[in-house]
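Student: Got a predicted structure plus its sequence, pasted below:
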Amino acid sequence: MPDAPCPIPYSKFPMINFPIPTGLIVSCQAPTDSPLHDPIVIAAMARTAVNRGASGVRIDTPAHVAQVRKQISAPIIGIWKQQLPGCEIYITPRFEDARAIALAGADIIAIDATLRNRPAGEDLKTLIARIHSELGKLVMADVDTIEAAHAAVEAGADTVGTTLFGYTPQTANFSPPGFDLLAKMVEKLKVPIICEGGIAGPKMAKKALDLGAVAVVVGADITGIDIKVTAYKSMIGK
């Protein structure tokens, strides 16, 4: 495995050595109908990102996490997007999904921590507690509002991200990145805050860090070849 940047403890929490990557985290994902969705290709993306200085990666599905784990020693934020009948929550919605991601080799489990109803009546506090006690993993809470962020911290989340801002009914009228939400979270919460969603260039990433985020997750702007080519074709029209 290539040498990976060491996670840097966040100075706001001097008594706790958070193994949470800081600075740039690259989300290596691809549409299911894309050739890039192959776990080997995703792992190549992840290894390239770490080789070029990313402090960690965010990976979807157990198969992809397992393949990436073979290639890098840097922290992996694992998720499993699941479309469950009658449920709006889809980012690692259940404990069984979190367990599969953990067994595949993820270091941090990211979950949808919005205030929407969870599947099978599972509550957020219990889910986070089980991830901590049974899996021994940290939890990243993906939220959309400051209210959800507060609730996630009260439920025990180790870090909170702006991931779902603009992607829920409550925030449908807004577009990411949620810099205003980020600033509120940095001011109000006593856990590390990660900015994720809508980062479309290095200047935007730097702004997020300047606002107080410990890390910024960048996906489509780095690894989204399918999205980029589609956008170019739509604009060029040929």
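Tutor: It's in. Residues are numbered from 1 along each chain as shown.
Student: May I have stretch 162-179 as PDB, with CA atoms only?
Tutor: The C-alpha trace of stretch 162-179 is given here as PDB (Å, rounded to 0.1, in the frame of the first residue of the first chain):
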ATOM      1  CA  THR A 162     -23.400  19.200   5.200                       C
ATOM      2  CA  THR A 163     -23.900  16.300   2.700                       C
ATOM      3  CA  LEU A 164     -27.700  16.400   2.300                       C
ATOM      4  CA  PHE A 165     -28.200  20.100   2.100                       C
ATOM      5  CA  GLY A 166     -30.300  20.700  -1.000                       C
ATOM      6  CA  TYR A 167     -31.200  17.000  -1.400                       C
ATOM      7  CA  THR A 168     -34.200  16.700   1.000                       C
ATOM      8  CA  PRO A 169     -37.700  18.200   0.900                       C
ATOM      9  CA  GLN A 170     -36.800  20.600   3.600                       C
ATOM     10  CA  THR A 171     -33.900  22.000   1.600                       C
ATOM     11  CA  ALA A 172     -35.200  21.500  -1.900                       C
ATOM     12  CA  ASN A 173     -35.300  25.200  -2.700                       C
ATOM     13  CA  PHE A 174     -31.500  25.500  -2.000                       C
ATOM     14  CA  SER A 175     -28.500  24.400  -3.900                       C
ATOM     15  CA  PRO A 176     -25.300  23.000  -2.300                       C
ATOM     16  CA  PRO A 177     -22.700  23.800  -1.100                       C
ATOM     17  CA  GLY A 178     -24.400  24.900   2.100                       C
ATOM     18  CA  PHE A 179     -21.900  27.500   3.300                       C
END
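Student: residues of the one helix or strand in the chain whose mean pLDDT sits lowest that come out buried?
Tutor: Least confident helix or strand, the chain: helix 225-236 with a mean of 94, by mean pLDDT, DSSP states H and E. Across helix 225-236, burial judged by 16 or more other CB atoms under 10 Å covers Asp226. Heads up, the C-betas are built off the backbone N, CA and C, glycines and all.
Student: got the contact list for that helix?
Tutor: For helix 225-236, the surrounding residues in contact (CB atoms under 8 Å, 6 or more residues apart in numbering) are Ala30, Pro31, Ser34, Leu36, Ala220.
Student: Mind doing that once more with 6 Å?
Tutor: Here helix 225-236 makes contact (CB atoms under 6 Å, 6 or more residues apart in numbering) with Pro31, Ser34, Ala220.
Student: From those residues, keep the buried residues only.
Tutor: Counted by 16+ other CB under 10 Å, the contacts of helix 225-236 give Ala220 as buried.
Student: Tabulate the contacts of helix 225-236 (CSV), appending pLDDT, secondary structure and distance to Thr163.
Tutor: Formatted as CSV, the contacts of helix 225-236 follow (pLDDT from 0 to 100; DSSP: H, G, I helix; E, B strand; the rest coil; distance: CB to CB, whole Å):
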residue, pLDDT, secondary structure, distance to Thr163
Pro31, 95, coil, 18
Ser34, 97, coil, 21
Ala220, 95, helix, 13
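Student: Dig out what the nearest residue to Ala54 once chain neighbours are set aside forms beta bridges with.
Tutor: Using CB to CB, 6 or more residues apart in numbering and skipping residues adjacent in sequence, the residue nearest Ala54 is Val26, 4.6 Å away. According to DSSP bridges, the partner residues bridging Val26 are Val57, Val218.
Student: Is it correct that Val26 is in contact with Val50?
Tutor: No - between Val26 and Val50 there is no contact under CB atoms under 6 Å: 8.1 Å.
Student: Need the residues touching each of the two.
Tutor: Joint contacts of Val26 and Val50 (CB under 6 Å, 6+ apart) do not exist.
Student: Which residue ranges of this protein form helices?
Tutor: 39-51, 62-71, 95-104, 124-130, 146-154, 179-188, 202-210, 220-223, 225-236 (DSSP state H).
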